[in-house]
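Visitor: Using only what follows, build the 3D model:
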Amino acid sequence: MRTFDFAPLYRSSVGFDRLFDLMDQATRAETSAATWPPYNIEKLADDAYRITLAVAGFAADEIELTQNGNTLLVSGQRKNEGERQFLHRGIAARQFRQTFNLADHVKVTGAGLDNGLLSVELVREVPEAFKPRRIPIGGASSAVGQDNAPVQVEDRAKAA
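Guide: Numbers count the residues shown, from 1 in each chain. Have a look, this model is predicted:
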């Protein structure tokens, strides 16, 4: 497996710590516990996403979703099934913890469990304060009208 040294990037950039931490995590060897349960991440629209996890055998009250800042934690723990004797056990019943790092302003809008698939709906809602806006260019006095409207300048030779 390849390893990458991100130190030069840390030295020449400011405010990208979270991105570099994510890249560090991605380059680490994955264990089987980190990849279970299997999941899909779908882009439904420009600002809408869905995470679908295969959680066969888990009931809705055995799964917990927690969003803390930019992190979504999905965990599941089966309740005691009582004494059952299995001749073959192919459906995993172990507990799981799956963490997803979310972009800024991504919020969970809903979740549903259907046919052993847990669907988590996400949407990115950028507040007005963070959306791009035009900045007028001007000196000490601000221009009247549109941001880029031409400003009338009087000819001093005619005025004299």
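
Visitor: ranges for the strands of the chain?
Guide: With DSSP state E as the criterion, the chain has strands at 39-45, 48-54, 63-68, 71-76, 96-101, 106-114, 117-124.

Visitor: Tell me which of these lies nearest to residue 87.
Guide: Among the strands of the chain, strand 48-54 comes nearest to residue 87, with 23.3 Å by Cβ to Cβ. The way it works is simple: take the backbone N, C-alpha and C, and place the C-beta from them, glycine included.

Visitor: other SSEs contacting the closest one?
Guide: strand 39-45, strand 71-76, strand 117-124 (3 or more Cβ pairs under 8 Å, 6 or more residues apart in numbering; DSSP states H and E).

Visitor: can you list these in JSON lines and add distance to residue 51, mean pLDDT and mean neighbour count?
Guide: Shown next, in JSON lines, are those (distance: least, Cβ to Cβ, whole Å; pLDDT from 0 to 100; neighbours: other Cβ atoms under 10 Å):
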{"stretch": "strand 39-45", "distance to residue 51": "5", "mean pLDDT": "91", "mean neighbour count": "11"}
{"stretch": "strand 71-76", "distance to residue 51": "8", "mean pLDDT": "91", "mean neighbour count": "17"}
{"stretch": "strand 117-124", "distance to residue 51": "4", "mean pLDDT": "92", "mean neighbour count": "18"}
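
Visitor: Could you dump those strands into TSV and include distance to residue 130?
Guide: Shown next, in TSV, are the helices and strands packed on strand 48-54 (distance: least, Cβ to Cβ, whole Å):
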stretch	distance to residue 130
strand 39-45	19
strand 71-76	20
strand 117-124	11
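
Visitor: Please tell me how far the closest residue to residue 117 other than its chain neighbours sits from residue 118.
Guide: Distances taken as Cβ to Cβ, 6 or more residues apart in numbering place residue 52 nearest to residue 117, at 5.5 Å, with adjacent residues excluded. Look at residue 52 and residue 118: by Cβ to Cβ, to the nearest Å, they are 7 Å apart.
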